[in-house]
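1. with the sequence up front, the predicted model follows.
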Amino acid sequence: MNTAIFGGSFNPVHNGHIDIARMALSSAPIDRVIVMPAFIAPFKKADTMVDGERRLDMCRLAFEDIPNISVSDYEINAGGVSYTVNTLRHFKRLYPESRLFLIVGEDIPPTIDRWHKSDEIRNLCEMIVFPRKLKISSTMIRKKIINHEDISALLPPNVAEYIIKNKIYF
């Protein structure tokens, strides 16, 4: 079985993330995608980060009806900085017969040497690189929410409802 790990802040998860996960399933030799919200992403600013449980909830809502895509709470439960190498080790132990892939944006391969234990990451998985040509970003969505602009075309309806109901990013 081929397993792809799709990690990120997902602050919030949006339609672009969903499209990438679906494309990985349809265009790569992938049997399942595991979406992995980071507790603390090593290269992200923590001051705009919504707590892990809420981001986990939003990811579960976003991917709940998509076959072969699941959401893991591993990094949220582990706490601390979410290093990719630890996540890959975890899934290698959990699925020893599985071939592991890591879904990344095109900006990642040139910077992978800055990642914690990058050589081990390369040994544990293969990268699936997607272009960052999406016109959606979590930062843009947060700004639209603050400015009370329409976000309905950018997020699944259940995620937008969750954000409004729980007054996230306001």
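-> Received the coordinates, thanks.

2. only C-alpha atoms for contact and neighbour calcs from this point on.
-> Noted.

3. could you pull out the strands in this structure for me?
-> Assigned by DSSP state E, the chain shows strands spanning 2-8, 32-37, 69-71, 99-105, 126-130.

4. contact partners of the shortest one?
-> This means strand 69-71. Residues from elsewhere that reach strand 69-71 (Cα atoms under 8 Å, 6 or more residues apart in numbering): A21, R32, V33, I34, V35, M36, L56, C59, R60, F63, E64.

5. one more time with 10 Å, if that's ok
-> Residues outside strand 69-71 that contact it (Cα atoms under 10 Å, 6 or more residues apart in numbering): 3-7, 18, 21-22, 25, 31-37, 56-57, 59-64.

6. filter those residues to the buried ones?
-> Applying 16 or more other Cα atoms under 10 Å to the contacts of strand 69-71, the neighbour count classes 3-7, 18, 21-22, 25, 31-37, 56-57, 59-63 as buried.

7. including mean pLDDT and distance to R142, could the strands of the chain go into a markdown table?
-> Converted to a markdown table, the strands of the chain look like this (pLDDT from 0 to 100; distance: least, Cα to Cα, whole Å):
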| stretch | mean pLDDT | distance to R142 |
| --- | --- | --- |
| strand 2-8 | 97 | 16 |
| strand 32-37 | 98 | 17 |
| strand 69-71 | 98 | 22 |
| strand 99-105 | 95 | 20 |
| strand 126-130 | 94 | 23 |
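
8. would you turn those strands into TSV with distance to T84?
-> Output for the strands of the chain, formatted as TSV (distance: least, Cα to Cα, whole Å):
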stretch	distance to T84
strand 2-8	8
strand 32-37	10
strand 69-71	16
strand 99-105	9
strand 126-130	12
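
9. and K143, which of the ones you listed is closest to it?
-> K143 sits nearest to strand 2-8 of all those, at 18.9 Å, using Cα to Cα.

10. what about D73, distance to I145?
-> For D73, the distance to I145 equals 26 Å [Cα to Cα, to the nearest Å].

11. repeat for M49
-> Relative to I145, M49 is positioned 14 Å away (Cα to Cα).

12. likewise I136?
-> For I136 relative to I145 (Cα to Cα), the value is 14 Å.

13. D119 too?
-> Counting by Cα to Cα - D119 and I145 are separated by 39 Å.

14. of these two, which one has the most company?
-> Taking neighbours as other Cα atoms under 10 Å, D119 and I145 compare with I145 leading, 19 against 12.
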